[in-house]
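# my questions are about this predicted structure, shown below with the sequence.
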Amino acid sequence: MQDSLLLPRDFLKSLPRDLQVDVNDAAFALSRGPVHQECGSQVGELLQRLSKAWERSDTDSVGEIGKAFTGLEGAISKSGNGPAFGRRLIRAGNYFKSTGQYAQGEFQDIAKALLALGEAVGGREAPETDISTMPRVLKFGTLQVAITPGKAFTGAAIALVFGFLSWQLAAAVKNIPESSLSYANDNALMVAASLRGTLLAMAYSCAGLSAFSTVGLLVLGFQAKNKE
């Protein structure tokens with residue numbers, strides 16, 4: 001495990017976009033949910049550190065964290081959390097395995113190490129997991145939201161309504177003729193014109209973002225529905 005995480009300098013930062021996504025998925029699989037409760041505080045903290053290093057594409061930190069795995073044997077055997085720890089390693093290993101051959105096969109070496117160590121500590125249920133059937137998850141810091149058809153379509157409906165209201169607001173502001181308003185002086189006129197322009201820009205931007213979000217959530221919803 002330690003040797004597989006010793007990668008060439010800046011290896012992770014030089015990855016193509018699709019492989020960076022795979023690494024982020026593996027990082028998320030490694031630390032998602034109550035990792036400290038399932039694996040113990042010491043092991044859970046190490047898994048979170050490794051996950052964050054993968055997400056930051058910090059190759060040097062990944063190698064340093066890998067060295068700490070050699071001291072985990074006692075902590076795992078005493079805590080009895082080996083199976084939970086192993087399942088996380090196997091889930092992450094499956095993501096690395098799915099990347100195929102890249103460069104000198106570094107990711108396949110990581111996959112073999114994760115899968116072998118995961119099985120060695122008792123994580124025997126996870127190898128049956130098919131990555132393609134796992135629900136997609138959006139991650140916002142510590143918040144994790146699984147994408148289901150119901151959630152995606154509900155979000156699309158909310159985005160559509162919000163976009164419609166934003167567009168109506170912009171249209172209402174635009175339809176107010178400037179000649180119908182009276183101002184105390186020229187300075188007030190300039191401030192009012194500036195605020196009017198800012199409000200229009202914000203309303204149209206919100207409408208555009210809502211339209212984009214609606215389309216994106218609909219696509220995610222249909223993809224999730226097809227998986228089911």
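That came through, no problem.

# give me the mean pLDDT for the longest helix anywhere in the chain.
Ranked by number of residues, the top helix in the chain under DSSP state H is helix 186-227. The average pLDDT for helix 186-227 rounds to 83.

# domain-wise, how is this structure divided?
As given by automatic domain parsing, the domain ranges for the chain are 12-133, 146-227.

# ok, which of these comes nearest Met1?
Judged by CB to CB, the one of these that comes nearest to Met1 is domain 12-133, at 4.6 Å. Every residue, glycine included, has its C-beta placed from N, CA and C.

# mind listing the helices for the protein?
Under DSSP H, the chain gives helices at 17-31, 35-39, 41-55, 59-68, 73-79, 82-97, 106-120, 149-174, 186-227.

# dump the ones you listed to CSV, plus distance to Leu5 and mean neighbour count.
Converted to CSV, the helices of the chain look like this (distance: least, CB to CB, whole Å; neighbours: other CB atoms under 10 Å):
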stretch, distance to Leu5, mean neighbour count
helix 17-31, 12, 18
helix 35-39, 18, 18
helix 41-55, 8, 19
helix 59-68, 3, 17
helix 73-79, 17, 13
helix 82-97, 11, 23
helix 106-120, 7, 20
helix 149-174, 35, 16
helix 186-227, 32, 14
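
# could you tell me the least trusted of those?
helix 73-79 (a mean of 67).

# quick check: angle from the longest helix of the chain to helix 149-174?
Angle, helix 186-227 to helix 149-174, by axes from the mean of the first three to the mean of the last three CA atoms, to 10 degrees: 160 degrees.

# and helix 186-227, what does it pack onto?
Where contact means 3 or more CB pairs under 8 Å, 6 or more residues apart in numbering; DSSP states H and E, helix 186-227 is packed against helix 149-174.

# any idea how far the helix it packs on is from the chain center?
Here helix 149-174 shows a centroid-to-chain-centroid distance of 25 Å under the convention CA atoms, centre = their mean, to the nearest Å.
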